[in-house]
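Enquirer: Take a look and give me a structure for this.
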Amino acid sequence: MNILITATPFCENSLKPIELLKTNNINFSFYKKNITTESQLIKILKDKDVVIAGLEKYTKKVIESSKKLKLISRVGIGLDNVDLEEAKKNNILVTHTPDAPTLAVVEFTLGLMLSSSRLIHLSNLDIRNSKWQRYTGKRLEYSTVGIIGVGRTGKRIIRLLSKIGVKKILINDIKYKNVISKKNIIKSSKKKIYQQSDIISLHIPLTKKTSNLITKKEFKLFKKNSILINTSRGGIVNENDLYLALKNKKLFSAAMDVFASEPYHGKLKNIKNCLLTPHMASMTKDCRIRMETEATEEAIRLVGGKKLRNIAHKNS
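Expert: Coordinates of the predicted model:
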């Protein structure tokens with residue numbers, strides 16, 4: 001079988017995935033350029049059986065054109081770049097690495113909460129521009145934090161916030177699996193979270209239901225001087241409406257690690273109290289190595305005729 005690796009970066013911190021492929025005598029190749037068009041992806045997948053994939057888009061057209069393809073092994077948790085229905089129709093398996101990035105995303109999200117609450121990032125820019133100004137922020141302990149999505153990442157953030165003394169955490173999810181309400185952890189509607197939270201953090205997949213979940217309609221409900229954090233998926237927050245909410249001083253600040261179109265070139269770059277990062281929440285050495293290794297192991301299992309461990313489903 002012929003394996004193509006499109007995920008970037010790949011093996012920057014460990015050669016383990018490549019060593020695994022070599023040990024199993026599997027042919028593989030890299031495509032290290034940015035993949036920006038369907039035709040580009042169709043061309044490079046033409047004779048490939050397996051792709052160890054990054055964030056490039058596996059649309060209906062791409063999947064239908066990839067006649068030899070048997071597996072899309074995604075490095076990461078998100079699946080919004082893969083048409084899962086079309087993959088199923090064409091008997092292409094899709095796997096991902098849902099557990100690997102969790103701890104890195106949790107720590108990164110906490111960092112964004114702290115920086116956005118105290119405007120640390122803005123102070124850094126001020127000093128670089130010879131401006132000496134101190135900002136009065138708010139401690140997490142005295143903030144009401146709203147968590148939308150209590151899956152792997154959301155649950156760990158709730159646990160961490162509780163340990164550092166946050167007195168009120170409002171949570172919302174469609175399932176609440178293994179989540180117990182406590183004195184400081186309260187199951188709430190999204191509307192209540194928007195109205196009462198000082199900080200709102202999103203931890204949900206991008207689906208038809210969550211696309212444009214937060215628009216100007218929702219921002220009108222937001223508590224004055226609240227903070228929005230998004231480390232989940234671009235497209236959940238309407239970026240133009242967020243720009244207007246920040247410009248009109250409805251929000252204290254925001255932090256965005258993900259965008260509807262990446263790399264991001266939009267108007268939020270002009271808002272100083274909007275912290276922008278390039279989809280890097282999962283980018284720690286240990287988590288990146290684990291994601292790359294787990295995605296490679298799935299490819300090796302397919303080649304060896306073994307059962308795959310993390311097959312993606314439409315509602316993942």
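Enquirer: So which residues of the stretch 201-316 of the chain form helices?
Expert: 216-219, 239-247, 285-303 (DSSP state H, counting those that start in this stretch).
Enquirer: ok, and which of these has the densest surroundings?
Expert: Compared across those, helix 285-303 shows the largest average neighbour count, a mean of 21 (mean count of other Cβ atoms under 10 Å). No exception for glycine: its C-beta is placed from N, CA and C like everyone else's.
Enquirer: quick one: contacts of it?
Expert: With contacts defined as Cβ atoms under 8 Å, 6 or more residues apart in numbering, helix 285-303 is touched by 1, 3, 7, 9-14, 16-17, 20-21, 24, 26, 50, 52-53, 70-71, 73-76, 93, 95-97, 100-104, 282, 307-310.
Enquirer: Make a ChimeraX selection of the buried ones in these.
Expert: This is the ChimeraX syntax for the buried subset of those, where burial follows 16 or more other Cβ atoms under 10 Å:
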select :1,3,7,10,11,17,20,21,26,50,52,53,70,71,73,74,75,76,93,95,96,97,100,101,102,103,104,282,308,310
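Enquirer: still on that earlier bit, put together CSV for the helices of the stretch 201-316 of the chain, with mean pLDDT on each row.
Expert: Below are the helices of the stretch 201-316 of the chain laid out as CSV (pLDDT from 0 to 100):
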stretch, mean pLDDT
helix 216-219, 98
helix 239-247, 98
helix 285-303, 97
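Enquirer: With distance to Ile186 added, can I get those helices in JSON lines?
Expert: Formatted as JSON lines, the entries for these read as follows, by distance: least, Cβ to Cβ, whole Å:
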{"stretch": "helix 216-219", "distance to Ile186": "19"}
{"stretch": "helix 239-247", "distance to Ile186": "25"}
{"stretch": "helix 285-303", "distance to Ile186": "30"}
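Enquirer: To Arg128, which of those lies closest?
Expert: Ranking the helices of the stretch 201-316 of the chain by distance to Arg128, with Cβ to Cβ as the measure, places helix 239-247 first at 21.0 Å.
Enquirer: by contact count, what packs against that closest one?
Expert: Secondary structure elements in contact with helix 239-247, counted by 3 or more Cβ pairs under 8 Å, 6 or more residues apart in numbering; DSSP states H and E, are helix 216-219, strand 251-256.
Enquirer: relative orientation of the last one and helix 239-247 in degrees?
Expert: Translated: strand 251-256. Between strand 251-256 and helix 239-247, the angle formed by their directions is 140 degrees, by axes from the mean of the first three to the mean of the last three Cα atoms, to 10 degrees.
Enquirer: who does strand 251-256 touch, helix- and strand-wise?
Expert: Other elements packing on strand 251-256 under the criterion 3+ Cβ pairs under 8 Å, 6+ apart are helix 102-118, strand 226-230, helix 239-247, strand 274-276.
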